[in-house]
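Engineer: what follows is a predicted protein model with its sequence.
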Amino acid sequence: MELDYDKLRQIYRLEKNTSRLVDIDEDFYDSLTLFIQGEKKKYLASLKEFSPAKARTFANVKKIVEEIFSLREKKLLMRALLASRTGEESKERLAAQEKKTFKELLAVLNKHRDSLLQAFEPGKGKLDELKPKDLKIIKEVPVFVGPDMKEYGPFAVDEAVSVPSKVADLLVTRKLAKEK
């Protein structure tokens, strides 16, 4: 994505006027860094030329970039909080750096939420129970209803499956599967 001042202003206006994250390219921050470096060179040259107009442009770019970052940061936090509460993750409209940040935020929020759940049921974390585990089936398993009242199976020998922790523990303790 090639950024210029007008494109940056457009992203800022859109970001400011919607509660959803604006659709940006995955490499947005890389493009932004290149754009800022170019603008900084122009700014430094403007200081030598005593051009206040070019200096103002760089100050405006800096302000717009800070605002975009702040707006996206708030929306990212809200998205992570919502994902922590509902278990529904969405990484659409996120740049590469934001995806990494989202994943880290979600992990912290889930850990925090899990500690609250454990306060009510020591030794038990609801989020851990929902987290899938990868297993390798070692004996044929017919269709069965798990502790969460959902159907699982049938599973064939040597099949690789991903099931919730509670179901995985059940299969492993009954020597029907082993953890990968």
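Structural biologist: Arrived safely, thanks for sending.
Engineer: contacts and neighbour counts: CA atoms only from here.
Structural biologist: Fine.
Engineer: list of residues touching stretch 136-150?
Structural biologist: Applying C-alpha atoms under 8 Å, 6 or more residues apart in numbering, the external contacts of stretch 136-150 come out as 151-161, 166-167, 175-180.
Engineer: one more: stretch 76-89?
Structural biologist: For stretch 76-89, using C-alpha under 8 Å, 6+ apart, the contacting residues are Leu21, Ser90, Glu98, Phe102, Leu105, Leu106, Leu109, Asn110, Arg113.
Engineer: show me which of those residues are buried.
Structural biologist: Leu21, Glu98, Phe102, Leu105, Leu106, Leu109, Asn110, Arg113 (16 or more other C-alpha atoms under 10 Å).
Engineer: next one: phi and psi at Glu179?
Structural biologist: phi -70, psi 140 (degrees, to the nearest 10).
Engineer: what about it, how many neighbours?
Structural biologist: Close neighbours of Glu179, defined as other C-alpha atoms under 10 Å, add up to 15.
Engineer: coming back round to it: quick check: strands, which of the contacts of stretch 136-150 are part of them?
Structural biologist: The strands, defined by DSSP state E, take in Glu151, Tyr152, Ala160, Val161, Ala177, Lys178, Glu179 from the contacts of stretch 136-150.
Engineer: my guess is the fourth one contacts Tyr152. True?
Structural biologist: By that I understand Val161. No. Counting by C-alpha atoms under 8 Å, Val161 stays clear of Tyr152, with 10.2 Å between them.
Engineer: where does this protein have low pLDDT?
Structural biologist: 1, 121-130 (pLDDT under 70).
Engineer: how about the residue sitting nearest the centre point of the chain, nearest residue that isn't a chain neighbour?
Structural biologist: Residue closest to the average C-alpha location in the chain (C-alpha atoms, centre = their mean): Phe102, at 3.0 Å. The spatially closest residue to Phe102, leaving aside those adjacent along the chain, is Ala80, at 6.2 Å (C-alpha to C-alpha, 6 or more residues apart in numbering).
Engineer: also Ile24?
Structural biologist: Closest residue in space to Ile24, ignoring its immediate chain neighbours: Arg93 at 6.1 Å, by C-alpha to C-alpha, 6+ apart.
Engineer: that neighbour in helix, strand or coil?
Structural biologist: Put simply, Arg93 is coil when judged by DSSP: H, G, I helix; E, B strand; the rest coil.
Engineer: number of residues surrounding it?
Structural biologist: 15.
Engineer: what sits against it?
Structural biologist: By C-alpha under 8 Å, 6+ apart, Arg93 lies in contact with Leu21, Val22, Asp23, Ile24, Asp25.
Engineer: ok, of these, which come out buried?
Structural biologist: By neighbour count, with 16+ other C-alpha under 10 Å, those hold Leu21, Val22 as buried.
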